[in-house]
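Participant: fold the following and give me the result.
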Amino acid sequence: MLAHLLDALFPKRCAGCGAGPWPFCGVCRGELIVLHPPWCLRCGAPAPSPVGSCRDCPPSALALARAPFGFDGPVRRAVHRLKFSGWRPVAGALGDAMVAVWSEAPFEPDAVTWVPLSRARLAARGYDQARSLAEAVAPQLGLPARRLLARTADPGPQARRGGSARRDAMRGVFASAARPPERVLLVDDVLTTGATASACAQALLDAGAAQVALLAAARAVSSLRGGAQAEGAPGRPILGDGLVSGSVVAPGRGSSAVDASRGRSDPRKPTLGR
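Facilitator: Take a look at the predicted model:
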């Protein structure tokens, strides 16, 4: 009752622009970078044709990785609102898309866990955004969300570090907090180099897990850098000069922005709810 009253008094706004309807307004939907096949079968990075691995693959401790969106535009802003501005319902909206992209992944986990925040960041934010995403995803997958990891150190912000420096910084930062099941689905907000998720995966493997896969809300992608823009997709280049704002990130498949402008929805887009 109280939740409905609060929704009526303070309606949710678009997680991308903060002004339109929830969860993403029509304009922001048209700018979403949706990742789907053809892609790297291991990490889900876009590719002209299916490949077994690619230069965007995270370290080998992760058996598989998937994310529904490229980390730019409305999704980037939505993730930042979740992390830094207390927009906790964003976890539910992004979680729906994460479940959609995971639905055909060749990996059947026994439990869901998350990349834990440091104590200082948890105290400052009041909640762990990766845990919020995990708890949005797990019920839809029919799996328990379990705290399996603990952070033993905080190497500081990683944004300005390259892949090798990130891997060095994250080595030994995580430890097992409970005995993991055989197959674990690790959840995080953004996949960049995979250094943090790989360090988590290694801790789980050392504690007895057989395989660990990663499901993130968004990812940075370099696979299409070098000028191969999605055919017919308008807008500015992002993440280098390959992916295009409004593209569904599949060469030759057109633009979701174009579909949106014509009043059609793109059936390949993950569901966004709540």
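Participant: quick one: end-to-end length of stretch 110-129, please.
Facilitator: 22 Å (Cα to Cα, to the nearest Å).
Participant: identify the residues contacting it?
Facilitator: 79, 82-84, 86, 88, 91, 130-131, 133-134, 137-138, 141, 143-151, 153-154, 174, 180-189, 196-197, 200, 204 (Cβ atoms under 8 Å, 6 or more residues apart in numbering). Just so you know, the C-beta spots here come from the backbone N, C-alpha and C atoms, and that holds for glycine as well.
Participant: recalculate using a threshold of 7 Å.
Facilitator: 82-83, 88, 91, 130-131, 133-134, 137-138, 141, 143-151, 154, 181-189, 196-197, 200 (Cβ atoms under 7 Å, 6 or more residues apart in numbering).
Participant: kindly report the same for stretch 134-153.
Facilitator: Where contact means Cβ under 7 Å, 6+ apart, the residues beyond stretch 134-153 that reach it are 91-92, 95, 98-99, 109, 111-114, 116-118, 173-178, 180, 184, 187, 200, 203-204, 215.
Participant: re the thing from before, just the buried residues of the contacts of stretch 110-129.
Facilitator: Neighbour counting by 16 or more other Cβ atoms under 10 Å classes 82-83, 91, 130-131, 133-134, 137-138, 141, 143, 145-146, 148-149, 151, 181, 183-189, 196-197, 200 among the contacts of stretch 110-129 as buried.
Participant: among the residues you listed, which are located in strands?
Facilitator: For the buried ones among the contacts of stretch 110-129, membership in strands holds for Leu149, Arg151, Arg183, Val184, Leu185, Leu186, Val187, Asp188, Asp189, with DSSP state E as the criterion.
Participant: from those, which has minimum pLDDT?
Facilitator: Within the set of these, pLDDT is lowest for Arg151 (89).
Participant: identify the bridge partners of that one.
Facilitator: Arg151 has these beta-bridge partners by DSSP bridges: Phe174.
Participant: list the contacts of Arg76.
Facilitator: Listed by Cβ under 7 Å, 6+ apart, the contact set of Arg76 is empty.
Participant: which SS class is it?
Facilitator: Classification of Arg76 by DSSP: H, G, I helix; E, B strand; the rest coil places it in helix.
Participant: enumerate the positions of stretch 93-104 that are buried.
Facilitator: Ala93, Leu94, Gly95, Asp96, Ala97, Met98, Val99, Ala100, Val101, Trp102.
Participant: then stretch 92-103 to CSV, C-alphas only?
Facilitator: Taking C-alpha atoms only, stretch 92-103 is exported to CSV below (Å, rounded to 0.1, in the frame of the first residue of the first chain):
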residue,chain,number,x,y,z
GLY,A,92,15.1,-4.5,-11.3
ALA,A,93,14.9,-3.0,-14.8
LEU,A,94,18.4,-4.0,-15.7
GLY,A,95,17.9,-7.4,-14.1
ASP,A,96,15.1,-8.1,-16.5
ALA,A,97,17.4,-7.5,-19.4
MET,A,98,20.2,-9.6,-17.8
VAL,A,99,17.8,-12.5,-17.4
ALA,A,100,16.7,-12.2,-21.0
VAL,A,101,20.3,-12.3,-22.4
TRP,A,102,21.2,-15.2,-20.1
SER,A,103,18.2,-17.3,-21.1
